[in-house]
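Participant: A predicted structure for the sequence below; I have some questions about it.
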Amino acid sequence: MTELISLYKPTEFAIEAPFFGKNVQSMLKLGRAQGVAIAAAMHHNLPITEYSPKKVKLAVTGNGNADKEQVWKMLQQTMNLTELPQYFDATDALAVAICHHYQLQSPIPSAGSLKGWADFIKKIRSG
């Protein structure tokens with residue numbers, strides 16, 4: 001993750017919040033991967049914003065309960081994409097990026113942004 005951040009030099013970091021699924025092992029693995037990604041972003045002092053899956057779906061499709069295929073179809077139309085993805089992980093990541101872009105354009109500030117370790121600790125302590 002740090003190599004990717006160094007290579008592409010993003011100015012923002014957005015991630016989808018973990019959701020509660022049926023498979024506990026998958027949840028643990030996902031949580032670890034998300035933790036590594038967030039730590040890498042913090043190491044590079046990137047502002048971090050976390051979005052719920054529902055918020056991402058709502059931003060992209062207008063329906064917070066949309067399925068992965070509906071999200072893909074809307075991304076396909078919005079971004080003029082033609083190639084069908086083999087897996088929906090890439091479309092999920094693109095949907096988070098688009099959601100974040102829309103949020104940055106909004107006149108209402110996001111309550112989910114973190115601006116480094118100190119802000120992270122402050123938000124954790126305040127509950």
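Facilitator: Perfect, I can see it now.

Participant: grab the nearest non-local neighbour of residue 30.
Facilitator: Distances taken as C-beta to C-beta, 6 or more residues apart in numbering place residue 18 nearest to residue 30, at 5.7 Å, with adjacent residues excluded. The C-beta positions use only the backbone N, C-alpha and C, and glycine is treated the same way.

Participant: what separation do you get for the residue nearest the centre of the chain and residue 86?
Facilitator: In the chain, the residue lying closest to the centroid (C-alpha atoms, centre = their mean) is residue 15, at 2.3 Å. Distance, residue 15 to residue 86, using C-beta to C-beta, to the nearest Å: 22 Å.

Participant: how about residue 39?
Facilitator: To residue 86, residue 39 is 28 Å away according to C-beta to C-beta.

Participant: what do you get for residue 49?
Facilitator: Noted for residue 49: a distance of 28 Å to residue 86, by C-beta to C-beta.

Participant: look at the two and report which has more neighbours.
Facilitator: More crowded of residue 49 and residue 86, by other C-beta atoms under 10 Å: residue 49, with 19 against 7.

Participant: correct me if wrong, but that one is in a strand.
Facilitator: Yes: Residue 49: assigned to a strand according to DSSP: H, G, I helix; E, B strand; the rest coil.

Participant: pretty sure it contacts residue 14?
Facilitator: Yes: the pair residue 49 / residue 14 is scored as a contact, 4.9 Å apart, by C-beta atoms under 8 Å.

Participant: who touches both of the two?
Facilitator: Both residue 49 and residue 14 are contacted by residue 100, under the criterion C-beta atoms under 8 Å, 6 or more residues apart in numbering.

Participant: can you give me the helices in the protein?
Facilitator: 2-8, 24-43, 53-61, 68-79, 89-105, 117-126 (DSSP state H).

Participant: columns mean pLDDT and mean neighbour count on top of the ones you listed, output as TSV?
Facilitator: Shown next, in TSV, are the helices of the chain (pLDDT from 0 to 100; neighbours: other C-beta atoms under 10 Å):
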stretch	mean pLDDT	mean neighbour count
helix 2-8	96	10
helix 24-43	90	13
helix 53-61	95	20
helix 68-79	93	16
helix 89-105	92	17
helix 117-126	70	11
